[in-house]
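S.K.: after the sequence you'll find the predicted model.
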Amino acid sequence: MEIKLGKIFIDVVQKDIKNLHLSVYPPTGKVRIAAPLRMSEDSIRIYALSKLSWIRKQQQKFINQKRESPRDYINRESHYYLGKRYLLNVIEVDETPRVILKYRTIDLYVRPGSNKEKRQEILENWYRTNLKSLLPEMVAKWEKLMGIRVNELAIKKMKTKWGTCNSDAKRIWINLELAKKDMECIEYIVVHEMVHLLEKKHNDNFLILMNRFLPEWKQYRIELNKMPISHSEWDY
């Protein structure tokens, strides 16, 4: 089902759920409502109208957010690691590909004639390895502070979230793109997902827990969303 409110189109999906859920997705500001099966189209429309101001505000935020141009993985192209900008230095050598981080550059060693996709793969594997080495200590710290246990921690490329949590399986997935962000932003997402092991929903109790464990979380969220994002990233 689709609802039109002026120039705004809203995708509506009805599910076996108790409450309405409204989401606005980057980079274009696509709007989606998940609604209970029992709810009529008129009731959903009235709800959407009541949220119209908020929807427009979220869409404008996506429009205004700075974006990087698509990456070509060539010399002197800007790339980010842990919130700092580096220049890519592509070095063609007939040996095993590798990445070396220096003070101002990310040296990407590739075989002669490698294409953009291969260079991207090598660099993303490097991001994944580094992020994987950073996360366990961070998670262990918060396990002790929260009195919980994470059974599984994984890094994935995701298109709609910075992180996800399966509270039943106690499984947390962190988005690979976070390797490009500041450590404080990474920790904010880790804490956010781990709090879901204590509270599944984004309700008042969830906010109380976030304020208890990470009082500065709102500032970290602002910083995360102020950073330049790639053409395929999103808000959280």
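M.R.: Yep, it's here. Numbers count the residues shown, from 1 in each chain.
S.K.: can you give me the strands in this protein?
M.R.: If DSSP state E is used as the criterion, the strands of the chain fall at 2-5, 8-15, 21-25, 30-36, 78-81, 84-92, 98-101, 105-110, 152-156, 163-166, 171-175.
S.K.: deepest of the ones you listed, which one?
M.R.: Neighbour counts (mean count of other Cβ atoms under 10 Å) averaged over each of these peak at strand 171-175, with a mean of 21. (C-beta placed from N, C-alpha, C; glycine too.)
S.K.: can you list contacts of that strand?
M.R.: Residues from elsewhere that reach strand 171-175, judged by Cβ atoms under 8 Å, 6 or more residues apart in numbering: 131, 135, 139, 150-158, 161-166, 186, 189-190, 193-194.
S.K.: repeat that for 10 Å
M.R.: Strand 171-175 has contacts (Cβ atoms under 10 Å, 6 or more residues apart in numbering) with 131-132, 134-135, 138-139, 150-166, 181, 186, 189-190, 192-194, 196-197, 233-234, 236.
S.K.: one more: stretch 117-131?
M.R.: Counting by Cβ under 10 Å, 6+ apart, 71-74, 79-82, 88, 90, 97-101, 106, 108-111, 114-115, 155-157, 174-180, 186 sit against stretch 117-131.
S.K.: what's the neighbour count on I222?
M.R.: If you count neighbours by other Cβ atoms under 10 Å, I222 ends up with 10.
S.K.: dump the residue contacts of E184.
M.R.: G83, L214, E216, W217, Q219, Y220, E223, L224.
S.K.: any idea how far W162 is from the fifth one?
M.R.: When you say that, I think you mean Q219. 16 Å (Cβ to Cβ, to the nearest Å).
S.K.: same question for the third one.
M.R.: For E216, the distance to W162 (Cβ to Cβ) stands at 17 Å.
S.K.: more neighbours: which of these two?
M.R.: The neighbour comparison of E216 against W162 (other Cβ under 10 Å) goes to W162, with 24 against 12.
S.K.: now the residue of the chain most remote from its centre: phi and psi?
M.R.: Relative to the centre of the chain, the most outlying C-alpha is that of D94, 35.7 Å out, by Cα atoms, centre = their mean. The phi/psi pair for D94 (degrees, to the nearest 10) reads phi -90, psi 70.
S.K.: quick check: it touching S114?
M.R.: No. D94 is beyond contact range of S114, at 11.0 Å (criterion: Cβ atoms under 10 Å).
S.K.: now the residue most central in space within the chain. Its backbone dihedrals?
M.R.: Centrality entry for the chain: nearest residue to the mean C-alpha point is W162, 2.0 Å, by Cα atoms, centre = their mean. Main-chain dihedrals, W162, degrees, to the nearest 10: phi -80, psi -30.
S.K.: once you drop chain neighbours, what's closest to I91?
M.R.: Counting by Cβ to Cβ, 6 or more residues apart in numbering, I91 lies nearest to Y109, which is 5.0 Å off, once chain neighbours are set aside.
S.K.: how near is the one you found to W173?
M.R.: Here Y109 is placed at a distance of 30 Å from W173 (Cβ to Cβ).
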